Structures are given as structure tokens and as C-alpha cells.
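*Asks:* Return atomic coordinates for the entry below.
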Amino acid sequence: MTGSLLLLGVVGIGRAALPPMGPLPDAISDPELARSDYAEHCGGCHGIQGSAAPAQLPELRGRVGWFLCTPQSRAYLIRLPNIAHSRISDNQQLADLVNFMVFGLGGPSVPTGAKPFTAQEVERERKFALSSASLKAERARYVEVAIKQCGAPSAMRLLYPGQKP
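*Replies:* Numbers count the residues shown, from 1 in each chain. Alright, predicted model coming up:
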């Protein structure tokens, strides 16, 4: 556990400054476990700090919170295959991981008044996992909604800041 926490504290050298972490909601029952779960289950692809650029994966840091702006895009986050089919079978533990990702890494992108995910919500939505064939189209659809209805920046259309369109 200490190694995971130490790893979470490392900042990429030579990278532009990342957006600040946001406060974690009190609904997370074990913040240290949520961070550790993120590092183990998500950090390998999305980056320990939520920044995977230039990998062809969506950047989470300072951006993922925009998906909380509508009920449909909120459900999309839980329906993503790596969330819905996670080896974490405990729905509260998985809700805590997603809350760490969205509220912590999403920081300033989280809409005011957004509520944390609950175990019941995770249990309900993970039954409707998306297929990998629809992931790009689904993300693009919800990004457009976030831009038009919620004021998300148009740069959300890119997987990460600085990506060549």
C-alpha cells in the first residue's frame, strides 16, 4: 500500500502542469483504498495522475468531471467496459474508485452540486456495459452534450490536450 501511495505522489518531470486535484467526497468510505484501486485498475492506461497523453486514451485529469453534467453521461462512466466488468465486485468499493477518479482527478471539471456515485447506482448501471465497438461513438456523443449543455471546453473533443485532430 505504501508503494502505491508513494507512486501516486510522483509528478511527471518535463510535463506541463496538471490541473489541481479536486476534493474527494465524504461518500468515499476508504479514500486510501480508492486511490490504490485506481492505481491498480486504471492508472496503467490512464496514468497515475490521470494524464495518459500521448496515448490514444481519454485524459481524465481536469476533464472527466464534465461527464457528470447529465444523467446519461453519468451512467456512461459506469457502463464503460473496464468499470462495468471490473474485478472489483463490491459495488461500494467500485463507486469509491469512480468517485476518486471523477472528483479527485476531475477536479475543476466537476459541475457544482454533482453527487457522488453510490453502490446502488453502480450495481444498476454496470449491468448495461457498453461494447468496445461503441466506445468512441458514445464518448463523442456525450462530449458534444457536455459542450453544448454544460459549458465544457471544445478541447474535450480531443482525447488529451495537444492531440492533433
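*Asks:* which intervals of the protein have sub-threshold pLDDT?
*Replies:* Applying pLDDT under 70 to the chain flags residues 1-19, 53-55, 133, 165.
*Asks:* ok, residues contacting the helix of greatest length in it?
*Replies:* Identified as the longest helix of the chain according to DSSP state H is helix 135-150. By Cβ atoms under 8 Å, 6 or more residues apart in numbering, the residues outside helix 135-150 that reach it are 58, 66-67, 69-70, 72-73, 76, 80-81, 111, 130, 152-154, 156-157. Placement of C-beta: from N, CA and C, glycine included.
*Asks:* Which entries within those meet the buried criterion?
*Replies:* Those of those that meet the buried threshold are 58, 66-67, 69-70, 73, 76, 80, 111, 130, 152, 156, by 16 or more other Cβ atoms under 10 Å.
*Asks:* Throw the residues you listed into a markdown table and include distance to Gly104 and secondary structure, thanks.
*Replies:* Converted to a markdown table, the buried ones among the contacts of helix 135-150 look like this (distance: Cβ to Cβ, whole Å; DSSP: H, G, I helix; E, B strand; the rest coil):
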| residue | distance to Gly104 | secondary structure |
| --- | --- | --- |
| Pro58 | 16 | coil |
| Trp66 | 15 | helix |
| Phe67 | 14 | helix |
| Cys69 | 18 | coil |
| Thr70 | 21 | coil |
| Ser73 | 19 | helix |
| Tyr76 | 19 | helix |
| Leu80 | 17 | coil |
| Pro111 | 15 | coil |
| Leu130 | 23 | coil |
| Ala152 | 18 | coil |
| Met156 | 19 | helix |
